[in-house]
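Engineer: Starting from these lines, generate the structure:
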Amino acid sequence: MEISTHELSVLLREMSGVLIGCIVDNVYQLEDGSIILKLRGKESDYELRASAGKCLYFTPHTYPKPKTPTNLAMRFRKFLNGSRLKCLEQMGNERIAVLNFERNGNFKLIVELIPKGNIVLVDGSNKILVALFHAKMKDREIAEGKQYVSPPPRFTLTEDVDVEKMMENASSKKKLVSWLASELGLGGKYAEEVVALANVDKHVPVDALSGDERHKIAEAIRQILTAFKEPRPYLAKRNSDIRAVPFILKSLEQNGYSFEPVNLFNEAVAAEYEASLAKEYEEKVTMELKQRLREIQEDIESKKAAIKELEERIERLKSVAEKIFTMLHEVESFRHSIKEGSPQPVDGLRLISIDRAKGVAIISVNGVEFELLLSEPVPKQVEKMFDEVKKLRLAKERILNEMNELESEISRITAELESKKLSIPEQSKHKVREKKKWFEKFRWFETSEGLLAVAGKDASSNITLLRKYLQPDDLVFHAEITGAPVVILKGGNKASERSIEEAAQFAASYSRAWREGLSSISVYYVEPEQVSFSAPSGEYLPKGSFMVTGKRNYLKTRLVVAFGLHKSDESYEVLHGPPSAVAAKSKTLVEVVPGDEDASSLSLKIIDSLCRQAGYELSEKERRSLAALIAQSIPYGKGALQRQQQV
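Structural biologist: Below is the predicted model of the structure:
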């Protein structure tokens, strides 16, 4: 797969419109060697995939990750995790992307899409911190600790170039399509498109082009460069071949490709790369099986030839034995006369030759030649011939059985091949990321009457929650302590007293009061119009803060978080929130209050208690997976069991 310089420009423009400001959550290296940056945006999460020398794209979906990160991924994580993507640039007109990140300094991730390209992370002084691989060339060296030096620039067609004049002066003995691809930097795909649009023989040497042909080529180049300004991306498909194109290419259309529109060129590049990986993976995983199939087929052909030879021998021997058997007495008399040295003529029998030293004679029995042993009676010889026919038939049967076994092995291998082919997309294709509901980025629960209560996780998410999701009919809750989450009760203006109490308890339990070991605390709630993000004239409100005006409604509530377990089909759902809200949806209940037991051990006790109450039997994997979810919901990572009951 190859990305041209103009295609890279399209990819980076699309990325800039979506990824700027995203935070790097993690870095992975996949089996194909590509690097994936897991990015967290304000609205959605993304994955940016870079494959050196091949492609660069982003997707809202996710790829299967290795259980254990590679050493390279760990080195990238050291510098990039938690950093923010500032901007994406193209290094001049080269096929090199530069991704700028900031976190306690500036970093650049340089993705080279040129042949034998690399992926390099450098600091603000261009010193290489991490490289995909070490490379030493005549004009540069890629190694950690060295200064990054870009590859020598190559000529690339841009709108600034006077294409008409360039074509008038063009001179080369190269074939046109090769010259366009290499000398003008168009690459094979767009070199083919130029000759298709210009309707010129691609094999003609550049020097042999007429003036009219040169003009047509210049016009075709301008048409392509213009199309790159406003791309309309497609997936070009022909059978299993998939190609990403920023607009419909006449050259591919002429070769039987159909075009499927996509929203982004990044999406098309992702599809092409996944398809190319699938082909590579298929070749890799099926190579040994296909070789074994070829060997079996050769063995079967060899056995077929052996069977044919056996059948011919059986038929010939059987025919001779049967003919001699019908003239047994005559042939025996004939043998005796030959042995005595005075062969007597017998109707249907003829002596062809005799070798007295070996004691054999070649005779013809009704036109069929037969080697007669002079020292052994003919009946005995015929008996041996029938015995030999039996042996040959057994040999044939044995070979047929072996062939049947080989045929069975072919069926098994063919089924295994199909199974592996079906698994190939799973290895190379992305998995659609489940679209999260907006409130799933925050802490949340449903009150006992089914209202949604959403809490911030920190000061930043508090502000996001208030600015973006607060509506006129909601209520806002906050514990009377520094370091507390904002809780919005959706539709709170019409909520019952019970839902209001539950929202207040949620706000209290996830406040700093839990960490301080308090058993209860006051919580107030207000109307949305009482929340302001600007201070009164003459006063100062710190960035990321808000203030509340007017009357506050106070409730005193105890600090407690309840956990429940709900089973649906074969899956389990962990519930958490105020005890009364959890009890409304779960038959089992465990209450946790402020305490000193670590969440890792406490969560296992909670899941074990819930399962005992409900009579559920979990595998160890399920137990630990659910315990991990519970641990995430234990305030400040510590607590104590308070009450365990079946509702």
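Engineer: Okay, strands next: where are they in the stretch 151-300 of the chain?
Structural biologist: Along the stretch 151-300 of the chain, counting by DSSP state E, counting those that start in this stretch, strands occupy 234-238, 241-245, 258-261.
Engineer: strand partners of the last one, parallel vs antiparallel please.
Structural biologist: Translated: strand 258-261. Using DSSP bridges, the strands paired with strand 258-261 are strand 234-238 (antiparallel).
Engineer: which residues are contacting the strand it pairs with?
Structural biologist: 242-245, 247-249, 252, 255-262, 268, 271-272 (C-beta atoms under 8 Å, 6 or more residues apart in numbering). Bear in mind the C-beta positions are built from the backbone N, C-alpha and C, glycine included.
Engineer: hang on, the earlier thing: do you know which of the strands of the stretch 151-300 of the chain lies nearest residue 78?
Structural biologist: strand 241-245 (32.9 Å; C-beta to C-beta).
Engineer: what's next to that closest one, contact-wise?
Structural biologist: By C-beta under 8 Å, 6+ apart, strand 241-245 touches 7, 189, 233-237, 252, 257, 259, 265, 268-269, 271-272, 275.
Engineer: one more time with 6 Å
Structural biologist: Here strand 241-245 makes contact (C-beta atoms under 6 Å, 6 or more residues apart in numbering) with 234, 235, 236, 268, 269, 271, 272, 275.
Engineer: partners of the closest residue to the first one other than its chain neighbours in the sheet?
Structural biologist: On the basis of C-beta to C-beta, 6 or more residues apart in numbering, the spatially nearest residue to residue 234 that is not a chain neighbour turns out to be residue 259, at 4.3 Å. Applying DSSP bridges to residue 259 yields these beta-bridge partners: residue 236.
Engineer: same for the helix or strand in which residue 501 is found, what does it pack against?
Structural biologist: Here residue 501 is covered by helix 497-509, with elements defined by DSSP states H and E. When contacts are defined as 3 or more C-beta pairs under 6 Å, 6 or more residues apart in numbering; DSSP states H and E, helix 497-509 sits against strand 475-479, strand 487-489, strand 520-526, strand 553-558.
Engineer: can you give me the mean pLDDT across it?
Structural biologist: Average pLDDT, helix 497-509: 97.
Engineer: measure the closest residue in space to residue 393 that isn't next to it in sequence to residue 404 for me?
Structural biologist: Distances taken as C-beta to C-beta, 6+ apart place residue 314 nearest to residue 393, at 6.2 Å, with adjacent residues excluded. The spacing between residue 314 and residue 404, counted by C-beta to C-beta, to the nearest Å, is 20 Å.
Engineer: Looking at the two, which has the bigger crowd around it?
Structural biologist: residue 314 (18 against 10; other C-beta atoms under 10 Å).
Engineer: Got the confidence number for the residue nearest to residue 234?
Structural biologist: pLDDT for residue 259: 94.
Engineer: Report the angle between the strand ranked longest in the chain and strand 553-558.
Structural biologist: The longest strand of the chain (DSSP state E) is strand 588-598. Interaxial angle of strand 588-598 relative to strand 553-558 (axes from the mean of the first three to the mean of the last three C-alpha atoms, to 10 degrees): 80 degrees.
Engineer: Put the alpha carbons of stretch 472-490 into CSV.
Structural biologist: Extracted as CSV, the C-alpha positions of stretch 472-490 are listed here (Å, rounded to 0.1, in the frame of the first residue of the first chain):
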residue,chain,number,x,y,z
PRO,A,472,-34.0,24.2,32.8
ASP,A,473,-36.1,21.4,34.4
ASP,A,474,-33.0,19.8,36.2
LEU,A,475,-31.8,20.2,39.7
VAL,A,476,-28.1,20.7,40.7
PHE,A,477,-26.7,19.1,43.9
HIS,A,478,-23.4,19.7,45.6
ALA,A,479,-22.0,18.6,49.0
GLU,A,480,-21.1,21.3,51.5
ILE,A,481,-17.3,20.5,51.3
THR,A,482,-14.4,21.5,49.0
GLY,A,483,-13.7,18.7,46.5
ALA,A,484,-17.2,17.4,45.8
PRO,A,485,-18.8,16.4,42.5
VAL,A,486,-21.7,18.3,40.9
VAL,A,487,-24.7,16.0,40.5
ILE,A,488,-27.4,16.9,38.0
LEU,A,489,-30.8,15.2,38.5
LYS,A,490,-32.4,15.2,35.1
